[in-house]
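Novice: sharing a sequence plus its predicted fold:
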Amino acid sequence: MKKKSASQSAFFNLRVLIGLFVVLAGVFLALAGFGAFSALAQAQQKNKIITDSKNPLVPNGFDCSKIHELGIDKQDNMRAGAIMIACGQARGGFPSVFETVSQAIQKTLAPLAYGAADVDLITGAETFPNVTQSETFSWANPDNPNEIVVAYNDSRSINANPINISGASVSTDGGSTFVRLTKSNGQSPFSNTLGDPVALFNKPTQTWFAVFIDLACGG
């Protein structure tokens, strides 16, 4: 087996170091040149007058040197952004890596289809014209997902005394069916309330709460 002499090894290492130095020097000069070119281009763009704008947000005749004076570089709106791009003071059309990754994650985690067959929340008698329900708020029991409460505005008892325009429906089968909460007098159990619904489940007490605007509390 042949062995290289120490002088040959040192000569080889010296050539490698010289080669690396030349490469690094070239990269440095290229970057420096690019930076100078970019600075020159930016300076030229800064004094540019927009004359051929195809973007309705960027008016022809706009003087790019006025960007700082007009505070456009401090604004966060589509017109200011378009002007900054047209004047070479900002880059556009390049989404960030974070945004791209975030969108990919959202698409991966999104369900293939939203919802299922429509389910009627409203059971029991309805008397025209008090047949309007709106503004639903849904919540499920975290300890029993089959238990769901949906609170909403319900005009069923609008003529009651006291007024009652709040309602709620309950499901015990995961939302396949619902039953509207109704007192023996045919009205909602939320007397003297004006809707604007919220439904909550208190885990420590294992208790459901419905929240509405209550006239007894001053509205």
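Specialist: Looks like it arrived, so ask away.
Novice: avg pLDDT for stretch 103-118?
Specialist: Across stretch 103-118, the average pLDDT comes to 68.
Novice: just give me how far stretch 212-219 sits from the chain centre.
Specialist: For stretch 212-219, the gap between its own C-alpha mean and the chain's C-alpha mean amounts to 33 Å (CA atoms, centre = their mean, to the nearest Å).
Novice: residues making contact with that stretch?
Specialist: 151, 162, 163, 166, 190, 192, 193, 194, 195, 196, 197, 198 (CB atoms under 8 Å, 6 or more residues apart in numbering). In short, each C-beta sits where N, CA and C put it, glycine included.
Novice: buried subset of these?
Specialist: Among these, those classed as buried by 16 or more other CB atoms under 10 Å are 151, 166, 190, 192, 193, 195, 197.
Novice: need the contact list for the closest residue to the first one other than its chain neighbours.
Specialist: Distances taken as CB to CB, 6 or more residues apart in numbering put residue 197 closest to residue 151, at 3.5 Å, once the chain neighbours are dropped. Under the criterion of CB under 8 Å, 6+ apart, the contact partners of residue 197 comprise 135, 136, 137, 151, 152, 153, 166, 168, 210, 211, 212.
Novice: okay, those in JSON lines with distance to residue 185 and secondary structure next?
Specialist: Listed next are the contacts of residue 197 as JSON lines, based on distance: CB to CB, whole Å; DSSP: H, G, I helix; E, B strand; the rest coil:
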{"residue": "135", "distance to residue 185": "24", "secondary structure": "strand"}
{"residue": "136", "distance to residue 185": "24", "secondary structure": "strand"}
{"residue": "137", "distance to residue 185": "25", "secondary structure": "strand"}
{"residue": "151", "distance to residue 185": "20", "secondary structure": "strand"}
{"residue": "152", "distance to residue 185": "20", "secondary structure": "strand"}
{"residue": "153", "distance to residue 185": "20", "secondary structure": "strand"}
{"residue": "166", "distance to residue 185": "15", "secondary structure": "strand"}
{"residue": "168", "distance to residue 185": "16", "secondary structure": "strand"}
{"residue": "210", "distance to residue 185": "18", "secondary structure": "strand"}
{"residue": "211", "distance to residue 185": "23", "secondary structure": "strand"}
{"residue": "212", "distance to residue 185": "18", "secondary structure": "coil"}
